[in-house]
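Q: What follows is a predicted protein model with its sequence.
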Amino acid sequence: MKNDHMKLFSPTHVGALELSHRVVHAPMTRLRSDPDDSPSTMMIEYYRQRASHGGLLITESAHPSYDSRGYLGAPGIYTDAHVEAWKPITEAVHAKGARIFMQIAHDGRQSHVDLSWGNAPIAPSVVPYETTVFTQNGWVPNSPHRALETSEIPAIVESFRRAAERAKAAGFDGVELHNANGYLADTFLQDGTNKRTDAYGGTIEKRARFSLELVEAFASVWGADRVGVRVSPSGRWGAISDSNPEATFGYLAERLNAYGLAYLHVIEPRVMGTETLVEGQAPVAASFLRKIFNGTIIAAGGFDRAGAEQILQRGDADLIAFGRWFSSNPDLPERLRRDLPLAPYQRDAFWGGDARAYIDFPAYDEARRDVDVTASNAETI
């Protein structure tokens, strides 16, 4: 399909923001923060490289409190020092004419006592499971978690609200609630992990209460049209499950309609990329939620160029978030626009490391110039 007829490169908007294309940088945990959880200078360059005029970037998860972390090296947004460290990132992105939202998350039971002053990780209920988390001792088994007392929940909601205030002070254009991937908000929502019998558990309405309180906290700071929510109805990360995901996520989407959010960010099973493409299979979550949610939908899930265009043309999503391909292609929107070859991503650099395979991927035209110069020099020898 010719680029000028591709919906992927047509203008759109998310809430109050106008965008010139629909290629979104997905939130990706890269674990390259400084020891105090401040964004590092590497991160400034990473986001600067991936900003494009009229494009939208969503950051990796930033944590609203010290004890909300699940991985050493993930950034924070719980001190004034973090605000100052994030400012160069938002300034660099804005200088290139792009917009940037901060994703905010509490990792809940996916954590370790070494990351929370020796305190047990928290969850809505105790539902044992095993995973690994990254600490100063490397990848280690997660610590057993405990169930939150009802009286503790308002303080957690308040920590999210304060984080939203700090994100605003740091110059972001909006915030995204990470309500996916088995982290704290997701474990409240789904009945495989929420066994509570108080005001935050039991019925779908009660299980959704925590998520909606977080949305309201964000909206009180930003206005709802600068707030997004990320969900993973088909996800199993973090041993998450629900007995009736269509009912649960359908109810949440219906409730979110009342707010006028910037967007709903939906994670699909990875079926639409070139690595895992299943012919004829459509994304299931966005298609289902489109029938319920009235606002803008961002879909994520291993899309390639053709798969992204297909879901946009069907109308099941309005924008497409790319993660892995953005990690190795800082100029991804331009490469997709021109249908240029994509640089392969390097999985061993996804979760922590140095600048290698992080900020040393050149843009396509820069790489071509280097090849041409090398070839020219060789000819003159």
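A: Cool, got the structure. Numbers count the residues shown, from 1 in each chain.

Q: what ranges do the strands span in the stretch 51-200 of the chain?
A: Counting by DSSP state E, counting those that start in this stretch, the stretch 51-200 of the chain forms strands over residues 56-62, 99-104, 122-123, 132-135, 138-141, 146-147, 174-179, given from the N-terminal end onward.

Q: Out of these, the one nearest Asp191 is which?
A: Between Asp191 and those, the shortest gap by Cβ to Cβ is with strand 122-123, which sits at 13.2 Å. To be clear about C-beta, it is placed using only N, CA and C from the backbone, and glycine gets the same treatment.

Q: neighbouring strands for that closest one, and are they parallel or not?
A: On the basis of DSSP bridges, the sheet neighbours of strand 122-123 come out as strand 146-147 (parallel).

Q: wait, what's in contact with Met42?
A: Arg32, Asp354, Ala355, Tyr358, Ile359 (Cβ atoms under 8 Å, 6 or more residues apart in numbering).

Q: for the second one, what are its contacts?
A: It stands for Asp354. Asp354 touches Arg32, Met42, counting by Cβ under 8 Å, 6+ apart.

Q: Now with 6 Å, please.
A: For Asp354, the contact set (Cβ atoms under 6 Å, 6 or more residues apart in numbering) is empty.

Q: For my notes, confirm it occurs in a strand.
A: No: secondary structure of Asp354 (DSSP: H, G, I helix; E, B strand; the rest coil): coil, not part of a strand.

Q: Show the pLDDT at it.
A: Asp354 is assigned 96 on the pLDDT scale.

Q: Would you check how far apart it and Met42 are?
A: The gap separating Asp354 from Met42 is 8 Å, by Cβ to Cβ, to the nearest Å.

Q: Likewise for the third one?
A: Counting by Cβ to Cβ, the gap from Ala355 to Met42 is 6 Å.

Q: re the thing from before, now the contacts of Met42 in a markdown table, with distance to Gly228?
A: A markdown table is the format used below for these (distance: Cβ to Cβ, whole Å):
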| residue | distance to Gly228 |
| --- | --- |
| Arg32 | 23 |
| Asp354 | 31 |
| Ala355 | 29 |
| Tyr358 | 25 |
| Ile359 | 26 |
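
Q: And for the nearest residue to Thr90 once chain neighbours are set aside, the neighbour number?
A: Nearest in space to Thr90, with sequence neighbours left out and distances taken as Cβ to Cβ, 6 or more residues apart in numbering, is Gly171 at 3.6 Å. Close neighbours of Gly171, defined as other Cβ atoms under 10 Å, add up to 17.

Q: Phi, psi for Gly171 please.
A: As for Gly171, its main-chain torsions (degrees, to the nearest 10) stand at phi 100, psi 10.

Q: what helix or strand does the residue lying closest to Ala208 once chain neighbours are set aside sit in?
A: Setting aside the residues directly before and after it, Ala208 is nearest to Leu252 in space (Cβ to Cβ, 6+ apart), at 5.2 Å. Using DSSP states H and E, Leu252 sits within helix 245-256.

Q: Touching that helix from outside, list them.
A: Residues lying outside helix 245-256 but in contact with it, judged by Cβ under 6 Å, 6+ apart, are Ile204, Ala208, Pro233, Asp242, Leu289, Ile292, Phe293.

Q: quick one: the fourth one is in a strand?
A: No: counting by three-state DSSP, Asp242 falls outside a strand, being coil.

Q: And Gly260, how far from Gly295?
A: With the distance defined as Cβ to Cβ, Gly260 ends up 7 Å from Gly295.

Q: So which of these two has more stuff around it?
A: Under the neighbour definition other Cβ under 10 Å, Gly260 and Gly295 were set side by side, and Gly295 has more, 19 against 14.

Q: Excluding covalently adjacent residues, which one is nearest to that one?
A: What sits nearest to Gly295 in space, not counting adjacent residues and going by Cβ to Cβ, 6+ apart, is Leu261, at 5.6 Å.

Q: Also His53?
A: The shortest distance from His53 to any residue that is not its chain neighbour, by Cβ to Cβ, 6+ apart, is 3.7 Å, and that residue is Gly97.

Q: Can you get me a residue count around Glu158?
A: For Glu158, the neighbour count with other Cβ under 10 Å is 13.

Q: now swap in Arg236 and tell me
A: Other residues near Arg236 number 12, with proximity taken as other Cβ under 10 Å.

Q: Could I get the pLDDT score of the closest residue to Thr150 other than its chain neighbours?
A: On the basis of Cβ to Cβ, 6+ apart, the spatially nearest residue to Thr150 that is not a chain neighbour turns out to be Asp198, at 5.0 Å. pLDDT for Asp198: 98.

Q: Strands along the stretch 251-381 of the chain, start to end?
A: For the stretch 251-381 of the chain, strands defined by DSSP E, counting those that start in this stretch occupy the ranges 263-267, 297-300, 319-322.

Q: Tell me the confidence at the residue nearest to Ala208?
A: With respect to pLDDT, Leu252 has a value of 98.

Q: Please apply the same query to His5.
A: Model confidence at His5, expressed as pLDDT, equals 80.

Q: Give the buried residues for stretch 300-313.
A: The neighbour-count criterion (16 or more other Cβ atoms under 10 Å) identifies Ala300, Gly301, Gly302, Phe303, Asp304, Arg305, Gly307, Ala308, Glu309, Gln310, Ile311, Leu312 as the buried residues of stretch 300-313.

Q: do the same with stretch 138-150
A: Within stretch 138-150, the residues that count as buried by 16+ other Cβ under 10 Å are Asn142, Ser143, His145, Ala147, Leu148.

Q: Restricting to C-alpha, output stretch 47-56 in CSV.
A: Taking C-alpha atoms only, stretch 47-56 is exported to CSV below (Å, rounded to 0.1, in the frame of the first residue of the first chain):
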residue,chain,number,x,y,z
TYR,A,47,13.9,9.1,24.3
ARG,A,48,15.3,11.9,22.3
GLN,A,49,16.3,9.5,19.5
ARG,A,50,12.9,8.0,19.3
ALA,A,51,10.9,11.3,19.3
SER,A,52,9.4,12.2,15.9
HIS,A,53,7.5,15.3,14.9
GLY,A,54,3.8,14.8,15.8
GLY,A,55,4.4,11.5,17.4
LEU,A,56,3.6,10.1,20.8
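
Q: Fine by me, we can end here.
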